[in-house]
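**Student:** What shape does this take:
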Amino acid sequence: MQQLLRAAIYGRVSSEQQAGERTIASQITALEQRVSADGLDLATLLRFVDDGYSGATLVRPGLERLRDLAAAGGLDRVYVHSPDRLTRHYAYQVLLVDELRRAGVEIVFLNRPIGVSAEDDLLLQVQGMVAEYERAKILERSRRGKRHAALAGSMSVFSNAPYGYRYVGKQVGGGVARLEIVEEQA
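**Tutor:** Model prediction:
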């Protein structure tokens, strides 16, 4: 008799904007389809999602629950869309893959298999380094763009208005974003 595998999925998007736009839905759908195609059932409690959490940290609620369950022997296989969804920090990728493997958990990335050969492991490592580099470049470009916009007088670079002010967006402000004083707080 074949043993039933306890399969889980892990999905992540990093920005609040992505979370708000529900971009994680396509990732979760692809994972669920792969689990189904592999002939496995996916329990609701085995869906670990970090919606709006950076891949540069290990402190993520879904990831922490996944790691705890794996360490307790509650998983056989975890499906992740790609290595950069697991983490965008190379050292963390090595740590997580090793930790899950030591717990007896098989990791399935949708974009390619891992651990079949030395070349597969090398490709996984290279992808981890590229993901870390890509994250650093995204942060640098974003910082540079926000700085340029702020120096040009754009108010849209602020995520929240400072105390005593209210942010007025372009659509409400006639095409120009600005701050207005809130008299009760000023």
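
**Student:** which element follows the lowest-mean-pLDDT helix or strand in the chain toward the C-terminus?
**Tutor:** Of all the helices and strands that make up the chain, helix 16-20 has the lowest average by mean pLDDT, DSSP states H and E, namely a mean of 56. Beyond helix 16-20 on the C-terminal side, the first helix or strand identified by DSSP states H and E is helix 24-37.

**Student:** so what does that next one touch, helix or strand wise?
**Tutor:** The criterion is 3 or more Cβ pairs under 8 Å, 6 or more residues apart in numbering; DSSP states H and E, and the helices and strands that helix 24-37 contacts are strand 7-13, strand 47-51, strand 77-80. From N, CA and C alone the C-beta is placed, and that goes for glycine too.

**Student:** can you redo the ones you listed as JSON lines with distance to Gly104 and mean neighbour count?
**Tutor:** Listed next are those as JSON lines, based on distance: least, Cβ to Cβ, whole Å; neighbours: other Cβ atoms under 10 Å:
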{"stretch": "strand 7-13", "distance to Gly104": "13", "mean neighbour count": "24"}
{"stretch": "strand 47-51", "distance to Gly104": "17", "mean neighbour count": "21"}
{"stretch": "strand 77-80", "distance to Gly104": "10", "mean neighbour count": "23"}
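
**Student:** closest one to Glu184 among these?
**Tutor:** The minimum distance between Glu184 and the helices and strands packed on helix 24-37 falls on strand 47-51, with 34.6 Å, by Cβ to Cβ.

**Student:** Provide the strand pairings for the closest one, with the direction of each partner.
**Tutor:** strand 7-13 (parallel) (DSSP bridges).
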